[in-house]
Structures are given as C-alpha cells and as structure tokens.
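Novice: sequence first, then the predicted structure:
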Amino acid sequence: MTPARIWRRLKDLVVHRILGVDDTPQRIAFGVFLGFLVAMTPTIGFQIVLYVTIASLLRANKVVGIPILFISNPLSAVPLYWFAWWLGSVILHGDAPSETPNEAVLRDHLEESGANEPDWWVAIFTPDFWENLGDQLWRLGAELWVGCLALGLLSGIPAYFLTLWAVRAFRHRRGTA
C-alpha cells in the first residue's frame, strides 16, 4: 500500500466516519475523547464492548470512537503498555522505576498472596486468600492502570477540542453549521 493510498484512506476515515457523522459536535467530540481514553486501557479484546457501554451511559456518540480503539492492538500493546506502566510508576512513586517486574518479583507477590502454597487449592475458599491476592494484583497493576488513564486523558482532552473545532469547521465549510 502506497503512502498516498494510506493518507487517502485515513482522510476518508476522518471525514466520513468522524466529521461527517450526523450528531451534535459535542457528542462527536465526547465520543472521540472516550475512544482515546478506552484505547489506552489494558483491555484489548473488550475495548469495543467497553467503549459502546460507556458511550451509551454517558450519551456520547457510539460510533466515532471505535476506529480510535485500534491504536492499541497486539502489535502496539507491548510498547504502549510498557510506557504506560513507566508513566504510572512515575506518577505514583515520583520517580522512574529502576527495572521492570521480573519473575522473582512476581514470585514474591504470589508468596505474599498465598497463591503458591502447596495447599493453595484449599486456601482459595477463604476470604483472606482473595483479599491478599487482590492486594497483590492491585500493587502490580496500579502503575499500569494509572499510566493508561493518564495517557488516555493526555491524548483524549486535546482530541476532544480538536474534534469539536474540526466538526464545526467542516460543517461551516459545507454550509450545514
């Protein structure tokens, strides 16, 4: 695929699937914002369902954010989520992490939760097991989720205002404002 064809397809996507949608500029822009917010979350495989549910509940446009969700995909997931984890660590702890979690760190977290004890299958029926496991998962995932939400906001807020301006300009140029 040539760069000119890629550019033409991207232009068609933006013009026809976002700017030309029959909805209010605010709902379209809010849909784009939510698209960026959900696209950055570590929910690959559930993002469309999550986006449509949130957009429906918040009365945003349910269509315009769907193409944006493909920013995070199996090819971009590792660099995107590594950067999100790094950013979340900076936000939560005030400095960049010295290293990424490795097998020893994960094993320590599992030991603290009691998930690798010889009789873990008996322990899973106790509330303490689930509380400890939840605490450990929160400790491991907090940086990732905070970083993902920060990236979503950092990309979604400018996208909201840019989309709002672009929809209004597009409609003004077409004479349908």
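Specialist: Looks like it came in fine.

Novice: contact partners for Gln47?
Specialist: Gln47 sits next to Val38, Ala39, Thr41, Leu69, Ser72 when contact means Cβ atoms under 8 Å, 6 or more residues apart in numbering. C-beta: built from backbone N, CA, C; applies to glycine.

Novice: where does this structure have its least confident helix or strand?
Specialist: Within the chain, no helix or strand scores below helix 103-113, which has a mean of 58 by mean pLDDT, DSSP states H and E.

Novice: name the helix or strand for Pro74, please.
Specialist: Using DSSP states H and E, Pro74 sits in no helix or strand.

Novice: against Val15, how distant is it?
Specialist: 28 Å (Cβ to Cβ, to the nearest Å).

Novice: try Trp82
Specialist: Using Cβ to Cβ, Trp82 is found at 34 Å from Val15.

Novice: looks like Ile48 contacts Leu69 (just checking).
Specialist: Yes. With contact defined as Cβ atoms under 8 Å, Ile48 reaches Leu69; the gap is 6.1 Å.

Novice: which helices and strands does the lengthiest helix in the chain pack with?
Specialist: Longest helix in the chain, counting residues (DSSP state H): helix 127-174. On a contact count with 3 or more Cβ pairs under 8 Å, 6 or more residues apart in numbering; DSSP states H and E, helix 127-174 meets helix 25-39, helix 77-93, helix 103-113.

Novice: gap between it and the chain center?
Specialist: Taking Cα atoms, centre = their mean, to the nearest Å, one finds the center of helix 127-174 at 5 Å from the center of the full chain.

Novice: could you tell me the angle between it and helix 25-39?
Specialist: Calculated by axes from the mean of the first three to the mean of the last three Cα atoms, to 10 degrees, helix 127-174 forms an angle of 140 degrees with helix 25-39.

Novice: point out where this structure drops to low pLDDT.
Specialist: Where the chain drops to pLDDT under 70, the residues are 97-124, 133-134, 136-137, 139-140, 177.

Novice: at 80 what do you get?
Specialist: Within the chain, the segments meeting pLDDT under 80 span 1, 6-7, 9-18, 95-126, 128-140, 176-177.

Novice: tell me the secondary structure at the residue nearest to Val90 when sequence neighbours are not counted.
Specialist: Take Val90 and drop its neighbours on the chain: the residue closest to it by Cβ to Cβ, 6 or more residues apart in numbering is Ala96, 5.6 Å away. Under DSSP: H, G, I helix; E, B strand; the rest coil, Ala96 falls in the coil class.

Novice: test my guess that Ala96 contacts Ser89.
Specialist: Yes. Look at Ala96 against Ser89 with Cβ under 8 Å: they come within range, at 6.7 Å.

Novice: the two: who's more crowded?
Specialist: Between Ala96 and Ser89, counted using other Cβ atoms under 10 Å, the more crowded position is Ser89 (20 against 9).
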